[in-house]
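Engineer: I would like to see how this sequence folds:
(chains A and B)
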There are 2 protein chains.
Amino acid sequence: MKKKVVIVGGGFTGLNAAKILSNRKEVEVTLIDRKNYHLFQPLLYQVAMAALGEGDIATPLRNMLAGFDNVTVFKGLVTGVNLQSKTVNTDFGEIEYDYLVLACGAQHHYFGNNRWEEFAPGLKNLAQATEIRRRVMEAYEAAERTNDPKERKKQLTFVIVGGGPTGVELAGSIGEMSRFTLSRFYRHIDPKLTRIFIVEAAERILGSFSPELSSKATRELEKLGVQVWTSSMVSDVDADGVQIGRERIEAATVLWAAGVMASEIGKNMGVETDRSGRIVVEADLSLPDHPEVFVGGDQACFTLENGTTLPGMAPAAMQEGNAIGRAILEDIWGKPRKPFKYRDKGQMATIGRNRAIVEIGNLKFDGALAWFTWLLVHIYYLSTFKHRVFVLMQWGWSYFTFGHGARLIVNKDWRFYNEPKTEDNERSD
Amino acid sequence: MKKKVVIVGGGFTGLNAAKILSNRKEVEVTLIDRKNYHLFQPLLYQVAMAALGEGDIATPLRNMLAGFDNVTVFKGLVTGVNLQSKTVNTDFGEIEYDYLVLACGAQHHYFGNNRWEEFAPGLKNLAQATEIRRRVMEAYEAAERTNDPKERKKQLTFVIVGGGPTGVELAGSIGEMSRFTLSRFYRHIDPKLTRIFIVEAAERILGSFSPELSSKATRELEKLGVQVWTSSMVSDVDADGVQIGRERIEAATVLWAAGVMASEIGKNMGVETDRSGRIVVEADLSLPDHPEVFVGGDQACFTLENGTTLPGMAPAAMQEGNAIGRAILEDIWGKPRKPFKYRDKGQMATIGRNRAIVEIGNLKFDGALAWFTWLLVHIYYLSTFKHRVFVLMQWGWSYFTFGHGARLIVNKDWRFYNEPKTEDNERSD
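Structural biologist: Numbers count the residues shown, from 1 in each chain, chains lettered A, B, ... in the order given. This is a model prediction of the structure:
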């Protein structure tokens, strides 16, 4: 009798677990995802910044799992888990499991101010990347159209809330685009006048890196025209800008890269979660008292030997997926559970062309070498699911031309007649 | 004193006119478009059918016109034209002109039944192409999820209303995708059971071609599993299918490729239009009594020597744009007006890989040779604004792998919190 494995989420963890279990006669795998694609999230900001197209970093899950006859993919929404009856509730019915893998990831989080989302989109999926691209490009279009210097200044002001890797990548890209790419495209504005702010609550940006690299990154951002405000907690966001205590920045575009909260499924299961909503897991990534349930990726709270918890990073998610897949097989084979061992591959953040920082244990470097390291690592991992050559060529082309060629503003609404009259469509049309 | 030329619309006509006028010291050109991109419309169906990405067939207008210092681009909506005061009204103010070029194109048209749009989207821009892709791919996802054979049959039924080139291309693509590409991706359905209908009111499809080629195209469609219903007038469209008099087809997906209506601007100007809303123009493409106003592309009704009017095709739009640009220059130079002479380059339609028809005067051919002709012509024209090599490579790859790799379903709404609860979002999520 084959064991039924249900995997919720087709990100790095879910996909890697599915691959380990694929073509194994012991198991029958069902993978459920709200989306029909796997997303290479580390490069999502490049779609938002018009450097890559959606198809460059996303591939249908069905393509990736086509060769594995024991894997079934459903596009659907998981609404809950019943640990007692060992069933998953979805919007297309109940599904039974012998083993369950939860890898639903995380969402951006507004610390109790969800109404800010309207004014400051986060960056977790393709729809949001497209929305950010639309807002950034629309701001330049509006600046070019207006004759009012105040309005123009506001349109050319971009605030990024949060100075982690995503915030730095977004700010660096806008800096680079405005300083090098856009100048020749506009007649009435000088895109170099673009003001870009990173607003970070902590005392320095890129807090997970050493103070030395964090400071180097700040300098590189400044060279691209990015103004870094640290020790600055956003107290309000509205349609015209952000409030930081008694200070205020008027900006047409605010992007949110500050908080992260794990998928709600954990909260509703009655299991222990940390304050980011992540499910606390055992040393083997399983749920306490439920060895048949595993949690991985951004949804899991895994405590390392030094007492800290594993951050939400692609390498961690991939390793967890592999470990979970193996743990299920070994369980079926009657072997004892092994604790998950995280191999630290270091961390890196990119600021722009030839500007990045890399930290691997005690090894720290920045500048062009760091950027090439970043590039090679990302091309390597991207190539594991896309045709390396296309992306390489497009990047190569962009490198030589300083191009952000994917600057398409695609309207949100497709209707020509009976267009719904929402605030949204006014904005996008 | 430089003459002010205002061009409305950045399609083939507007873009070609702008190029002719570029870097000419006699004129100052302002190009206005609702979109920020130029679209290679002949391949739009490939984006809808997930064979190409949006960026492959669209390029920001600013990129294409960056080198021309006398050309200013505004993204904005033209709301009217005042022929007396020689001004164009836009949503960002009035703009004066000495010469005006109207090339606003056409929209799909429901013959007075605009409520059908909700159930049967047309295909004229990227947002619509994305919507069609979403509907087609969601139908397969829903079919895979359901256990109800009737529901599954409905989800696997696609009706294309209209048997012109676009309708044939859409139907052929779905036929090919369902017969060759999708089979290995689904576990619970056989995509080969997909039913595809072309519903055409006339007695044969592709009415602009000779009966002989039209009949060959019908046979090729049949080989791909497409059922061609001619002499069939759609009398109603709803959420569950189409009514054709007393006949009915239950279908989850209906696509509209039947009618076309020129931009409304013409209708509101008080000038003569034909029943498709196209503005009737003189032999030199100018407006009667207004030699300073030109109309081209799908918005113009130009009468050929044989008494018929020029159809809305890319080659005609390009030639008209060039002619208008030259006419403006010659006018400024004091030269007499020359009538526009259309050089008939023939017509072609593609049904699928190795399946196409070509008709150039009395020369008619079909099959693989016609398909390669179609491919070469389109790659050539596409390459005039995109980097030929990328598109060629992607097409080459698709050719060998039967891939429709861009099958991404991107949600319409980007919000995670406060998601607007419309029928739409339920459909797309």
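Engineer: who in the stretch 201-350 of chain A is up against chain B?
Structural biologist: By C-beta under 8 Å from any C-beta of the partner chain, no residue of the stretch 201-350 of chain A approaches chain B. C-beta coordinates here come from the backbone N, C-alpha and C atoms, glycine included.
Engineer: quick one: the strands in the stretch 201-350 of chain A?
Structural biologist: A:226-229, A:236-238, A:241-244, A:247-250, A:253-256, A:259-262, A:279-280, A:286-287, A:290-295, A:300-301, A:347-352 (DSSP state E, counting those that start in this stretch).
Engineer: any bit of stretch A:143-155 sitting next to chain B?
Structural biologist: Yes - Stretch A:143-155 reaches chain B (C-beta under 8 Å from any C-beta) through A:144, A:145, A:146.
Engineer: quick one: residue A:56 from residue A:33, how far?
Structural biologist: Using C-beta to C-beta, to the nearest Å, residue A:56 is found at 20 Å from residue A:33.
Engineer: low-confidence ranges in the stretch 251-400 of chain A?
Structural biologist: A:385-400 (pLDDT under 70).
Engineer: before we move on, the earlier item: ok, which of the strands of the stretch 201-350 of chain A comes nearest residue B:140?
Structural biologist: strand A:290-295 (29.7 Å; C-beta to C-beta).
Engineer: need the strands of the stretch 201-350 of chain A in JSON lines (columns: distance to residue A:207 and mean neighbour count).
Structural biologist: Formatted as JSON lines, the strands of the stretch 201-350 of chain A follow (distance: least, C-beta to C-beta, whole Å; neighbours: other C-beta atoms under 10 Å in any protein chain shown):
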{"stretch": "strand A:226-229", "distance to residue A:207": "13", "mean neighbour count": "21"}
{"stretch": "strand A:236-238", "distance to residue A:207": "22", "mean neighbour count": "17"}
{"stretch": "strand A:241-244", "distance to residue A:207": "18", "mean neighbour count": "19"}
{"stretch": "strand A:247-250", "distance to residue A:207": "21", "mean neighbour count": "15"}
{"stretch": "strand A:253-256", "distance to residue A:207": "17", "mean neighbour count": "26"}
{"stretch": "strand A:259-262", "distance to residue A:207": "13", "mean neighbour count": "21"}
{"stretch": "strand A:279-280", "distance to residue A:207": "23", "mean neighbour count": "22"}
{"stretch": "strand A:286-287", "distance to residue A:207": "30", "mean neighbour count": "22"}
{"stretch": "strand A:290-295", "distance to residue A:207": "25", "mean neighbour count": "22"}
{"stretch": "strand A:300-301", "distance to residue A:207": "19", "mean neighbour count": "24"}
{"stretch": "strand A:347-352", "distance to residue A:207": "11", "mean neighbour count": "24"}
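Engineer: figure out which of the ones you listed is closest to residue B:165.
Structural biologist: Closest among the strands of the stretch 201-350 of chain A, once you apply C-beta to C-beta, is strand A:253-256, at 40.6 Å.
Engineer: who does that closest one pair up with?
Structural biologist: Strand pairing for strand A:253-256, using DSSP bridges, gives strand A:157-161 (parallel).
Engineer: can you name the residues in contact with the partner strand?
Structural biologist: Contact with strand A:157-161 is made by A:120, A:136, A:139, A:167, A:170-171, A:174, A:194-199, A:234, A:237, A:241-242, A:249-258, as judged by C-beta atoms under 8 Å, 6 or more residues apart in numbering or on different chains.
Engineer: before we move on, back to that, for the strands of the stretch 201-350 of chain A, give me CSV that also has distance to residue B:323.
Structural biologist: Shown next, in CSV, are the strands of the stretch 201-350 of chain A (distance: least, C-beta to C-beta, whole Å):
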stretch, distance to residue B:323
strand A:226-229, 48
strand A:236-238, 51
strand A:241-244, 49
strand A:247-250, 48
strand A:253-256, 42
strand A:259-262, 57
strand A:279-280, 67
strand A:286-287, 72
strand A:290-295, 66
strand A:300-301, 65
strand A:347-352, 45
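Engineer: between these, which one is closest to residue B:109.
Structural biologist: strand A:253-256 (36.6 Å).
Engineer: re the thing from before, let me have the residues of stretch A:143-155 next to chain B in CSV, extended by neighbour count, distance to residue A:315 and pLDDT.
Structural biologist: Below are the residues of stretch A:143-155 next to chain B laid out as CSV (neighbours: other C-beta atoms under 10 Å in any protein chain shown; distance: C-beta to C-beta, whole Å; pLDDT from 0 to 100):
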residue, neighbour count, distance to residue A:315, pLDDT
A:144, 22, 42, 96
A:145, 20, 45, 95
A:146, 18, 45, 95
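Engineer: picking up where we left off before, out of the strands of the stretch 201-350 of chain A, which is closest to residue A:77?
Structural biologist: From the strands of the stretch 201-350 of chain A, taking C-beta to C-beta, the stretch that ends up closest is strand A:259-262, at 16.5 Å.
Engineer: output the contacting helices and strands for the closest one.
Structural biologist: strand A:106-109 (3 or more C-beta pairs under 8 Å, 6 or more residues apart in numbering or on different chains; DSSP states H and E).
Engineer: parallel or antiparallel, list what pairs with the strand it packs on.
Structural biologist: strand A:259-262 (antiparallel).
Engineer: measure residue A:235 to residue A:112 for me?
Structural biologist: 12 Å.
Engineer: all helices for the stretch 301-429 of chain A, in order.
Structural biologist: Along the stretch 301-429 of chain A, the stretches classed as helices by DSSP state H, counting those that start in this stretch are A:314-332, A:367-383, A:388-401, A:423-428.
Engineer: tell me the mean pLDDT over stretch A:219-239?
Structural biologist: For stretch A:219-239, the mean per-residue pLDDT is 97.
Engineer: from the chain's centroid, how far away is that stretch?
Structural biologist: 20 Å (C-alpha atoms, centre = their mean, to the nearest Å).
Engineer: what's next to it, contact-wise?
Structural biologist: A:113, A:116, A:118-120, A:161, A:163, A:168, A:171-172, A:174-176, A:178-179, A:192, A:194-205, A:218, A:242-245, A:247, A:254, A:258, A:351-352, A:355, A:366.
Engineer: next, count neighbours for residue A:303.
Structural biologist: 14 (other C-beta atoms under 10 Å in any protein chain shown).
Engineer: dump the residue contacts of the closest residue to it other than its chain neighbours.
Structural biologist: Nearest residue to residue A:303 in three dimensions, chain neighbours excluded: residue A:309, at 5.5 Å (C-beta to C-beta, 6 or more residues apart in numbering or on different chains). For residue A:309, the contact set (C-beta under 8 Å, 6+ apart) comprises A:274, A:278, A:301, A:302, A:303.
Engineer: just to revisit the earlier point, export the residues of stretch A:143-155 next to chain B to JSON lines and append columns for distance to residue B:265 and secondary structure.
Structural biologist: What follows is the residues of stretch A:143-155 next to chain B, written out as JSON lines (distance: C-beta to C-beta, whole Å; DSSP: H, G, I helix; E, B strand; the rest coil):
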{"residue": "A:144", "distance to residue B:265": "22", "secondary structure": "helix"}
{"residue": "A:145", "distance to residue B:265": "19", "secondary structure": "helix"}
{"residue": "A:146", "distance to residue B:265": "24", "secondary structure": "coil"}
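Engineer: got the phi and psi for the spatially closest residue to residue A:2 that is not a sequence neighbour?
Structural biologist: Excluding its sequence neighbours, the residue lying closest to residue A:2 (C-beta to C-beta, 6+ apart) is residue A:28, at 4.5 Å. Main-chain dihedrals, residue A:28, degrees, to the nearest 10: phi -120, psi 120.
Engineer: thinking again about what came up before, from the residues of stretch A:143-155 next to chain B, which single one is nearest chain B?
Structural biologist: Chain B lies nearest to residue A:145 out of those, by C-beta to the nearest C-beta, at 4.4 Å.
Engineer: ok, back up a step: and the residues of stretch A:143-155 next to chain B as a markdown table, adding distance to residue B:185?
Structural biologist: Below are those laid out as a markdown table (distance: C-beta to C-beta, whole Å):
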| residue | distance to residue B:185 |
| --- | --- |
| A:144 | 44 |
| A:145 | 45 |
| A:146 | 48 |
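Engineer: ok, now how distant is residue A:164 from chain B?
Structural biologist: Distance of residue A:164 to chain B, given as C-beta to the nearest C-beta, to the nearest Å: 18 Å.
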